[in-house]
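Asker: Pasting the sequence and the predicted coordinates here, then a few questions.
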Amino acid sequence: MAPTLFRIMLVLVAVYAFLRGSRDERLVGFICVAGALATHLVISPLANRFASVETPVMLVDFVVFGGFLAVALRSERFWPLWVAGLQLTTMMGHMLKAIDIELLPRAYGAAMAFWAYPIVLILAIGTWRVRRYQQLPPRGG
């Protein structure tokens, strides 16, 4: 159920970001969707998923982090830094599995999936805030 819930949430938030967001929100939305699709294509079969380092998933996560970091470094907003930081936390999960191959597959899998939810939530809030900011009347002086 959780992957289905995440996919629905991701699609809804990404569409919202594409329709109502600025360049930053649209880029992060695109990166999230592309990363989720790429992960789905490269992840190991369920029978041996997360038994060892998911190298293709790790590569996708590194590319996604690079995209988030590029947005964060160019943005005038603060929220993209949170997104990049949370993605960095996901990447640390891969590194921990590489250091300790005995790390339980379930714990490794949870570490990989957990931070995606707050990232999508932050994107939704960032889109809502930029939309709200755009609707404010200009300050007169």
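Answerer: Ah, there it is.
Asker: where's stretch 37-50 relative to the chain centroid, distance-wise?
Answerer: Stretch 37-50 sits 17 Å away from the centroid of its parent chain (Cα atoms, centre = their mean, to the nearest Å).
Asker: contacts for it?
Answerer: Residues from elsewhere that reach stretch 37-50, judged by Cβ atoms under 8 Å, 6 or more residues apart in numbering: 51, 54, 56-57, 59-61, 63, 97, 105-106, 108-109, 112. (C-beta placed from N, C-alpha, C; glycine too.)
Asker: So in this structure, where's the weakest helix or strand by average pLDDT?
Answerer: Least confident helix or strand, the chain: helix 105-114 with a mean of 88, by mean pLDDT, DSSP states H and E.
Asker: Give the next helix or strand downstream of that helix.
Answerer: As assigned by DSSP states H and E, the chain's next helix or strand after helix 105-114 is helix 116-135.
Asker: Other residues contacting that following helix?
Answerer: With Cβ under 8 Å, 6+ apart as the criterion, helix 116-135 contacts 6, 9-10, 13-14, 16-17, 20-22, 24-25, 28-29, 32, 36, 77, 79-80, 82-83, 86-87, 90.
Asker: hmm, back to that, helices or strands next to the least confident helix or strand of the chain in the packing?
Answerer: Applying 3 or more Cβ pairs under 8 Å, 6 or more residues apart in numbering; DSSP states H and E, we find helix 105-114 packed against helix 2-20, helix 79-99.
Asker: Please repeat the previous calculation with a cut-off of 10 Å.
Answerer: With contacts taken as 3 or more Cβ pairs under 10 Å, 6 or more residues apart in numbering; DSSP states H and E, helix 105-114 sits against helix 2-20, helix 55-74, helix 79-99.
Asker: Same list, the ones you listed, but as JSON lines with mean neighbour count please.
Answerer: Formatted as JSON lines, the helices and strands packed on helix 105-114 follow (neighbours: other Cβ atoms under 10 Å):
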{"stretch": "helix 2-20", "mean neighbour count": "15"}
{"stretch": "helix 55-74", "mean neighbour count": "17"}
{"stretch": "helix 79-99", "mean neighbour count": "18"}
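Asker: could I get these as a markdown table with distance to Thr127?
Answerer: Shown next, in a markdown table, are those (distance: least, Cβ to Cβ, whole Å):
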| stretch | distance to Thr127 |
| --- | --- |
| helix 2-20 | 5 |
| helix 55-74 | 13 |
| helix 79-99 | 10 |
